[in-house]
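Participant: Sequence unavailable; structure follows:
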């Protein structure tokens, strides 16, 4: 009985901890463990889908899912959508929100991590 109560207490703490951290999307909405996430806010030509998170609410949260992007060849209107499996992580919690999203191995993040601050960024 004591073990069960302790297990329930740990589970409750983890659920409360997980639900207290979010990440801002392109529309400045704070989302918790999103299953989909647009990376190119201006034109939505790259996104993450089917995300399954582990450790959400911890200093670093990991997810696996699918990256989808438009190759924009010959241009973005006529481009082809491509996809690949991806492993990403959210980190750098500030004011209860992850502020960075990056991938372990993906050209989608070649320019650096996605900066997930409120839009426009807080001053």
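Facilitator: Sure thing, it's come through. Computed from a predicted model, the values in this text were never measured in an experiment.
Participant: Can you identify the element that follows the worst-scoring helix or strand of the chain on mean pLDDT toward the C-terminus?
Facilitator: Ranking every helix and strand in the chain by mean pLDDT, DSSP states H and E puts helix 2-19 at the bottom, with a mean of 44. On the C-terminal side of helix 2-19, the nearest following helix or strand under DSSP states H and E is strand 22-24.
Participant: I'd like to know which elements that next one is packed against.
Facilitator: Applying 3 or more CB pairs under 8 Å, 6 or more residues apart in numbering; DSSP states H and E, one finds that strand 22-24 contacts strand 30-31, strand 97-103. From N, CA and C alone the C-beta is placed, and that goes for glycine too.
Participant: most packed of those?
Facilitator: Each of the helices and strands packed on strand 22-24 was assessed for mean neighbour count using mean count of other CB atoms under 10 Å. The highest is strand 97-103, with a mean of 19.
Participant: what are the pairing partners of it, and which direction each?
Facilitator: Using DSSP bridges, strand 97-103 pairs in its sheet with strand 22-24 (parallel), strand 81-94 (antiparallel), strand 114-115 (antiparallel).
Participant: Please identify the most buried of these.
Facilitator: Highest mean neighbour count among the strands paired with strand 97-103 (mean count of other CB under 10 Å): strand 22-24, with a mean of 21.
Participant: Now do it: distance to the chain's middle.
Facilitator: 8 Å (CA atoms, centre = their mean, to the nearest Å).
Participant: average pLDDT across that strand?
Facilitator: In this model, strand 22-24 carries a mean pLDDT of 95.
Participant: Show me the contact partners of it.
Facilitator: With contact meaning CB atoms under 8 Å, 6 or more residues apart in numbering, strand 22-24 is reached by 30-32, 34, 37, 90, 96-99, 101, 116-119.
Participant: now swap in stretch 104-123 and tell me
Facilitator: Here stretch 104-123 has contacts from 23-28, 39, 41, 46, 67, 69, 84, 86-90, 97-103, using CB under 8 Å, 6+ apart.
Participant: quick one, what contacts residue 60?
Facilitator: 89-91.
Participant: Please identify which of those is nearest to residue 59.
Facilitator: Nearest to residue 59 among the contacts of residue 60 is residue 91, at 6.6 Å by CB to CB.
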